[in-house]
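Engineer: Show me how the following folds:
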Amino acid sequence: MTTAPRTTGEPPAEQTAQTVPLLLERNALRYADLPALSWRPEDGAGTGENGWSTLTWSQVREHTTRLAAGYAALGVGRGDHVLLMMANRPEHWLSDLALVRLGAVPVSVYGTSAAEQVTHIARNCRARIAVVEGREQVALWAPLLDDADTPLDRLVVVEPGAQDGHFPYAALSREPVPERFAKSLDTARPDDPLTVVYTSGTTGEPKGVVLGHRHVLANALALDDVVELPPHVEHICYLPFAHIAERMLGIYLPCHRASHVYLCRDPAGLAETVREVRPAQFFGVPRVWEKLAATVRSVLSLLPAEQQAVIEEAARVARDHVAHRERGEDPPAGLQAAYARHRAEVLLPLLAAGGLDRVTWAGSASAPMPIDVVRFWAGFGIVIMDAWGLTETTGVATTNSPRTGFRLGSVGRPVSSAEVRIAVDGEIEVRGATVFAGYLREDGTVRPAVEEEGWLRTGDIGRLDEDGYLWITDRKKEMIITSTGKNVSPALVENALKEHPLIGQALVHGDNRSYLVALLVLDPEAAPAWAAAHGVDTGGDLADLAALAAHPAVREEVDRAVAAANSRLNRTEQVKHYTLLAEEWGPATGELTPSLKMRRQVIREKYGAELTELYEG
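Structural biologist: Below is the predicted model of the structure:
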C-alpha cells in the first residue's frame, strides 16, 4: 500500500530515511510514476504540455544510476568534490544527485562568479573534475587545467558545440550498468558531507560551508512542522543551485516530499513559467517580490478609476482579514463573507492572470523584506511568510507560518531544529541540528565555527519580541556608525525609501559622516508606468531610465518620496542628499550577488565620486 505525504508537506509517517540517496530509493519504489523533474528543452522538442519534458521518480533513479557509473569511470569516488557550473537544467540537477549517490560531494558555483572566485573555490575544495555548460564556462575554467596550484585535471562539457576536446557530458550515461555497481550505490551515512555551499561573497572571499545529510534532513523535518502544502507539491526552480535556498527548495525538499520540480533556466522567463505551472507554493527573494509588485502596480495604474476603486476595496478587505489572522483571531463572520466574495470576484481573477491564484504558501528570505511590499501582497490575500537563516544554518532557522503564527515585518519564530538568542551587543546567535559542520580547509579538513556550547555567531543584528518572533535590524558589518557615534541600520532606511514605487533600489551611505546620503535607482517597471500616467514626455522611449532620471517631473516626485521617507525616520536616519542613477543594479554588473543581495562595498567603490560629491555639494 502506498502512503502519500500528508497535506502538511510532511513525509510519510513510516519514513525513516536518513540520507538523500535513501529518499530517492523510497520515491522510486513508492512514487515510481509520479513526476519528479520537468524542463523545457532548448530545441523546443519537449513531449509534454507547453513543450515540457518530464522524468518520473523511477526514471530519475535510472538516469542517476547511469550518470553515477559514468562519473565513477572518470575516477570520482566517495568524498571527492566535483564542481558544477550550469544553469538550472536537468544535467545539473541529475548530476548533483548522481554524485551524491556515489558518495561524492557536489559543489555548485554561481554562473556569475569572477575568474578569481572560481580559482579560489577550485583550490579550496581540491576538485579534479568540473562539469560546465558551454563555451563561456569552458573559457573560465580551462586555464585552471594548467594551473600548478589547482588540482583540476578534467572538464566535462554539456553543450556539444563547446566541447573542444573536453569530455562530453553525453558520454557519461553508461548502459547497461553492471548490477554489482548499482548495488554499491546509496551507501552514504547521515554524518557524511552532502554538499559544500560557498557563500556568495557580499564581503570577502567565498567560504565553503560543509553541510551533511543530517543537517539537510533535520531542516526538512523542521519545515514540515510549520509549512502546510498539498501532497507532491510543485516547485518552480529558478534561483541558482549555488544558493542554499534553491538547494533546499529545488533538490533536497523535493526528494524528501516526493514533489515535482519545474526547472526555469532563465529567471527572465520566471513570470511565464509561473503562469503555466500555477504553483501552490512560490518562493522569492525580496527583490523578486518587489519587481512582481512593481509590475502589478504599473498595470493597475492604467485601469479606469472605477476599476481601481473596486480593486482597492477588495485589497482593504483582504488586509483586514490578514490582520485578524496575524493577531491569532478568527475573522468575524461578516468579514469572512466579504473576503470570500472579494477574493472570488476580484482578487483571484487578477492573481490568475499572473499564475498566482493557487498559491497557498508564499515565502521569502535572504534579505530584509520591505513591509510595504508585504502589505501590498496581503491586499491580494497572499501572506508572504518571511524567513531567516544562513547558509551556515542550512537555510531557514526562523520563519513565519500560517499554521503556527506570523507577524508581518518579522522573520518568524525558530523552527524546531534551531535555538536562537540575542547577544549583549544585539547579534543573533543560533545553535541546533541544522548548524553546519564548519568551513572547508584546503587540506580537506573542516574548521569549526561555533563556540564550545554550540552557538554560532551569525553577524546579523536583531531582537526577539515577547512572543518569540525575531526581528532583523541589519548585518552587523553593515551597520552605519555616524561621526556622532549613532548606529543606523541602512536596510531600515533603504526600505523606507523604496516604499515609493518609483524607487526600485537604494543604498544609504554615511559611515563616519555627520549625516546620511543615498544612491537611488528608478524601478524599470514602475517608472515608465508612472511617467505615462503623469504625462511625462522625455522625447523618446519611456523605458529609458536615464531620460526619466533626468526629467524634472520625475526628480520632483523622487524629492517628495525622499521627504516622505524622512518624515517616518528619526533625525539620525534621515537622508540629506541623494543621487538618482540611470542604470539598474544587477549580478551581471557586479552590484548584486547572484542571490540579489547588495554588494555594498562594490557599489560604494563604483560610485565613489558620486558619494563624495553628495558631501561636497
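
Engineer: Against residue 249, how distant is the nearest residue to residue 516 once chain neighbours are set aside?
Structural biologist: Excluding the flanking residues, the one nearest residue 516 by Cβ to Cβ, 6 or more residues apart in numbering is residue 510, at 3.9 Å. Just so you know, the C-beta spots here come from the backbone N, C-alpha and C atoms, and that holds for glycine as well. Taken as Cβ to Cβ, to the nearest Å, the spacing of residue 510 relative to residue 249 amounts to 36 Å.

Engineer: again, but for residue 288
Structural biologist: Taken as Cβ to Cβ, the span from residue 288 to residue 249 is 13 Å.

Engineer: Tell me which of the two has more neighbours.
Structural biologist: residue 249 (23 against 18; other Cβ atoms under 10 Å).

Engineer: I'd say the more buried one and residue 282 touch.
Structural biologist: No: applying Cβ atoms under 8 Å, one finds residue 249 not in contact with residue 282, separated by 10.2 Å.

Engineer: lowest-confidence helix or strand of the protein?
Structural biologist: Ranked by mean pLDDT, DSSP states H and E, the weakest helix or strand in the chain is strand 487-488, scoring a mean of 79.

Engineer: neighbouring strands for it, and are they parallel or not?
Structural biologist: For strand 487-488, the pairing partners within the sheet under DSSP bridges are strand 480-481 (antiparallel).

Engineer: Residues contacting the partner strand, please?
Structural biologist: Surrounding strand 480-481, the residues in contact under the criterion Cβ atoms under 8 Å, 6 or more residues apart in numbering are 487-490, 508-512, 516.

Engineer: Which ones among the residues you listed lie within helices?
Structural biologist: Of the positions in the contacts of strand 480-481, residue 490 sit in helices, assigned by DSSP state H.

Engineer: Which of the contacts of strand 480-481 are buried, as a PyMOL select command?
Structural biologist: Selecting in PyMOL just the buried members of those, where the criterion is 16 or more other Cβ atoms under 10 Å, is done with this command:
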select buried, resi 488+489+490+508+509+510+516
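
Engineer: Would you reformat the contacts of strand 480-481 as CSV and include distance to residue 238?
Structural biologist: Compiled in CSV, these are given as follows (distance: Cβ to Cβ, whole Å):
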residue, distance to residue 238
487, 36
488, 34
489, 29
490, 28
508, 29
509, 31
510, 35
511, 35
512, 40
516, 34
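
Engineer: from the contacts of strand 480-481, which single one is nearest residue 379?
Structural biologist: Taking Cβ to Cβ as the measure, residue 489 is the one of the contacts of strand 480-481 closest to residue 379, at 26.2 Å.

Engineer: Is residue 422 in contact with residue 463, as I believe?
Structural biologist: Yes: with contact defined as Cβ under 8 Å, residue 422 and residue 463 form a contacting pair (6.2 Å).

Engineer: Which residues outside the top strand by length along the chain are in contact with it?
Structural biologist: In terms of residue count, the longest strand belonging to the chain (DSSP state E) is strand 456-464. The list of residues contacting strand 456-464 from outside it, by Cβ under 8 Å, 6+ apart, reads 388, 390, 392-393, 411, 420-423, 426-431, 435-436, 449-451, 470-477, 479, 489.

Engineer: next structured bit after that strand?
Structural biologist: strand 470-475 (DSSP states H and E).

Engineer: helices or strands next to that next one in the packing?
Structural biologist: Secondary structure elements in contact with strand 470-475, counted by 3 or more Cβ pairs under 8 Å, 6 or more residues apart in numbering; DSSP states H and E, are strand 456-464, helix 490-497.

Engineer: Listing partners with orientation, what would you give for the longest strand of the chain?
Structural biologist: The strands that strand 456-464 pairs with in its sheet are strand 427-432 (antiparallel), strand 470-475 (antiparallel) (by DSSP bridges).

Engineer: can I get those in TSV with mean neighbour count?
Structural biologist: Supplementary listing: the strands paired with strand 456-464 in TSV, determined by neighbours: other Cβ atoms under 10 Å:
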stretch	mean neighbour count
strand 427-432	21
strand 470-475	20
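
Engineer: worst average pLDDT in these?
Structural biologist: In terms of average pLDDT, strand 470-475 trails the rest of those, at a mean of 85.

Engineer: Just the element for residue 543, please.
Structural biologist: Secondary-structure element containing residue 543, defined by DSSP H and E: none, the residue being outside all helices and strands.

Engineer: Can you give me every residue that contacts it?
Structural biologist: When the contact criterion is Cβ under 8 Å, 6+ apart, the partners of residue 543 are 524, 528.

Engineer: Then residue 236?
Structural biologist: Residues in contact with residue 236, defined by Cβ under 8 Å, 6+ apart, are 262, 264, 270, 273-274, 277, 279, 282.

Engineer: if you set the cut-off to 6 Å instead, what comes out?
Structural biologist: For residue 236, the contact set (Cβ atoms under 6 Å, 6 or more residues apart in numbering) comprises 262, 264, 273, 277, 279.

Engineer: Assess the claim that the last one and residue 234 are in contact.
Structural biologist: What that stands for is residue 279. Yes: with contact taken as Cβ atoms under 6 Å, residue 279 and residue 234 are classed as touching, separated by 5.0 Å.

Engineer: Buried ones in the longest helix anywhere in the chain, by neighbour count?
Structural biologist: With secondary structure taken from DSSP H, the chain has its longest helix at helix 305-326. Going by neighbour count (16+ other Cβ under 10 Å), the buried part of helix 305-326 is 311, 314-315, 317-322, 326.

Engineer: What of stretch 337-344?
Structural biologist: By neighbour count with 16+ other Cβ under 10 Å, stretch 337-344 contains the buried residues 338-339, 342-343.

Engineer: Same list (those) but as CSV, adding distance to residue 616, secondary structure and pLDDT.
Structural biologist: Converted to CSV, those look like this (distance: Cβ to Cβ, whole Å; DSSP: H, G, I helix; E, B strand; the rest coil; pLDDT from 0 to 100):
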residue, distance to residue 616, secondary structure, pLDDT
338, 56, helix, 97
339, 54, helix, 97
342, 53, helix, 97
343, 54, helix, 97
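
Engineer: ok, so of these, who is nearest residue 117?
Structural biologist: residue 343 (46.4 Å).

Engineer: who touches that closest one in this structure?
Structural biologist: Residues counted as contacts of residue 343 (Cβ under 6 Å, 6+ apart) are residue 381.

Engineer: Return the distance of it relative to residue 133.
Structural biologist: When Cβ to Cβ is the yardstick, residue 343 and residue 133 sit 43 Å from each other.

Engineer: One more: residue 563?
Structural biologist: When Cβ to Cβ is applied, the distance between residue 563 and residue 133 equals 48 Å.
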